[in-house]
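Asker: Following is a predicted model, sequence given first.
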Amino acid sequence: MMEDDTSDFKKRYDAISQLLQESSGSKEVVLIEGGEHADLSSTQAFIVAKEKKIPPAKWANDFVTKYSQKITDVAAATVKASGPYLNFYFDDSYLANVLKEATKPGYGSLAKKPIRVVLEHTSANPNGPLHVGHIRNSIIGDTLARAFRKAGYRLEIQYYVNDMGRQIAIVVWGFDNLDSARHEGEKEDAHIARVYIAANREIEKDTGITRQVDKLMQLVEEGDPVTVKKFRKEVSRCLDGFAVTLQGLSVAHDRFVWESDFIRNGDTKRIIGRIKKLPQAKEDGTLALDLTECGFEKEYVIRRSDGTSVYGARDLAYHAWKGANFDRIIDVLGADHKLIGAQLQCTLKLLGEKAPDIVHFEFVSLPEGSMSTRAGKFVSADDLIAEVTRCAYDEVTVRRPELDETARKAIAKSVALAAIRYDIVKVSPEKSTVFDWNEALNFERQSGPYIQYAHARACSILEKAGDFTKCYELETEQEIAVAKQVARFPIVIGRVIAELRPHLLATYARELADAFNSFYHFEPVLRSAGTVRDRRLTLVQAVQNTLQESLETLGIDAISTM
RNA sequence: GGGCGAGUGGCUUAGCCCGGACAUAGCGUCAGCCUCCUAAGCUGAAUGCCGGGGGUUCAAAUCCCCCCUCGCCCGCCA
């Protein structure tokens, strides 16, 4: 297992960084990834030039003559000046060490940490099936969760069930008042959506229904047994439907936390009591908070004038509970929750509670406009999975006609999952997207199946090779380029965690596959002999293992044939 | 009106937080590559005032200011 703070790369980085600081006498040290130029690069010369009025290229040259030996001694690297740029090149032991680590199971795992993290994602209202917008939340959240576990954290994944919202009250009203029998073979969440859409149409025609819905909400907050039971029943049925969808996406939760529990157990009442005592509290029929110090113009309402709590109050109770049981809280939320999320963070800080880190993602819309469960305007995740799986099956059938149907179906299922998850996770969360069937059904480059294919190719080579002696001394440019990509994996895992940006891993996996494919076409493995064959097979094994670990962290099956 | 996010070749997209050496890749277009380890692949070509304008800097896609366009939010809904 790789220790993140003692890795070979980090050691060399730190040593070089130290020498740069020493030589420049500057507080600021610039040491960056060298990319195509070198293993590490520095533009320290420009800083020195500014501070000491020494021409940058001259300083860089002087550094090389004065520090070459020291660099070799402490970091096993050579340094060259390229004009004002300093380029550092690690010696052969670097990539040899990388290959040794990368061929071990679990490569990229970071040191175990005693930190307990709770990560909440998806948490969609149970009033209709998950659609392509919801699953952006699920996939970002699940990928992040997998990365946290890979990075050695203790993690619990939660789904916060909004079981007392207006939407659910509307659903319950629909079941009480409309023709609402389930159709033959209809999935439970789809059934609920149908009733929800119908109920909303009735509300549009007759606004008097709104009062009946309000009454239901009041009853549920009071804990009226019959009403509570009705709410629970429909919410549970919807969650059963979600479970099928989420399983199809390889997305798992450890715990479902019900919003109404925070009313029942008194937590909401207690947190309202604490909020009342805050200097920012304003009680005037309603209970509200003045959050101008956090930059919010409008008051944040906690309790209605009729004495009932709003969603925000329950959410505060939920987060206080999370804070009491975990060291760190992470929430994955849509961009529409930015304001409410910031208000939540601010209020928790005022209360002296842990505030969550919130990962926001922008909206997914359809070519014809934004999605709406109420209007029945959405592409459900179930339809997406079904359609992508169908296309994947056709594709497998064309490519591998010799396989039996069961095998082709199994591959199609994994390929479809890869296509969907990758298509969503590859885009940075702050980009709003328009759902595109062509993109979703594309299994070529920059897709999940492309990376799976590179992995399957590596598996195939290893299978045909049989036993071989490990050899860690690489030589050709292609081999070295691939190994350098392999080396980045633990660093990428670390960055995904630090920046809460899972798409970095998606980009990385694609780049590793690119490098490997290029190597594959230029350097024969099985047709080479002796140590050349051994070292290339060792490299293929490192790539196979790294791709497998990357894919699994992305929640994609690392299949060995396709 | 205010707040947040986005704007990168025809389309999609990385890089932006933390400024540096020819701006990442895919789709599409054009030209090639399967008697050879899986062609869901590889190679090459064309296509970019990195939304516009100022500024800071030796150096700006990246930092600062202004403007434009698009999305989201601004409820005693959740």
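Answerer: Everything's here; your move.

Asker: Strands of the stretch 151-300 of chain A, start to end?
Answerer: Here the stretch 151-300 of chain A has its strands, by DSSP state E, counting those that start in this stretch, at A:154-161, A:255-258, A:281-284, A:286-289, A:300-303.

Asker: hang on, I meant the stretch 401-550 of chain A
Answerer: A:433-434.

Asker: got any ranges where it has weak pLDDT?
Answerer: Counting by pLDDT under 70, the stretch 401-550 of chain A contains no low-confidence range.

Asker: Give me the contacts around the lowest-mean-pLDDT helix or strand in chain A.
Answerer: Counting by mean pLDDT, DSSP states H and E, chain A has its least confident helix or strand at strand A:32-33, which shows a mean of 86. Residues outside strand A:32-33 that contact it (CB atoms under 8 Å, 6 or more residues apart in numbering) are A:40-43. In this view, the C-beta of every residue, glycine as well, is placed from N, C-alpha and C.

Asker: if we go to 7 Å?
Answerer: A:40-41 (CB atoms under 7 Å, 6 or more residues apart in numbering).

Asker: Same question for stretch A:141-150.
Answerer: Here stretch A:141-150 makes contact (CB under 7 Å, 6+ apart) with A:108-109, A:117, A:119, A:121-122, A:155, A:157, A:251, A:332, A:359, A:425, A:493, A:496-497, A:500, A:502, A:505, A:553-555.

Asker: Averaged pLDDT, the helix or strand that the least confident helix or strand of chain A is followed by. What do you get?
Answerer: Using DSSP states H and E, the next helix or strand after strand A:32-33 towards the C-terminus is strand A:40-42. When pLDDT is averaged over strand A:40-42, the result is 93.

Asker: which one is A:Lys377 nearest to, not counting chain neighbours?
Answerer: In space, and not counting its chain neighbours, A:Lys377 is closest to A:Met371: 5.8 Å by CB to CB, 6 or more residues apart in numbering.

Asker: give me phi/psi at the closest residue to RNA strand B within the stretch 101-250 of chain A?
Answerer: Going by CB to the nearest atom of the strand, RNA strand B is nearest to A:Gly165 of the stretch 101-250 of chain A, at 2.8 Å. Main-chain torsions, A:Gly165, degrees, to the nearest 10: phi -80, psi 170.

Asker: Tell me where chain A is predicted with low confidence.
Answerer: In chain A (pLDDT under 70), the answer is A:1-6.

Asker: got a list of what A:Glu120 touches?
Answerer: So A:Glu120 contacts A:158, A:160, A:331-332 (CB under 7 Å, 6+ apart).

Asker: repeat that with 10 Å
Answerer: Contact analysis of A:Glu120 by CB atoms under 10 Å, 6 or more residues apart in numbering lists A:137, A:141, A:156-160, A:253, A:255, A:257, A:318-319, A:322, A:329-333, A:356, A:358.

Asker: go on, A:Gln212?
Answerer: A:169-170, A:173, A:176-177, A:203, A:206.

Asker: Pull the contacting residues for the residue of the stretch 101-250 of chain A closest to RNA strand B.
Answerer: A:Gly165 makes contact with A:125-127, A:171, A:217, A:220, A:231, A:235, A:259, A:311, A:314, according to CB under 10 Å, 6+ apart.

Asker: got it, and A:Leu403?
Answerer: A:396-397, A:409-411, A:561-562.

Asker: And A:Ser380, by the same measure?
Answerer: Neighbours of A:Ser380 in contact, by CB under 10 Å, 6+ apart: A:128-132, A:134-135, A:187, A:189-190, A:193, A:241, A:245, A:373, A:386.
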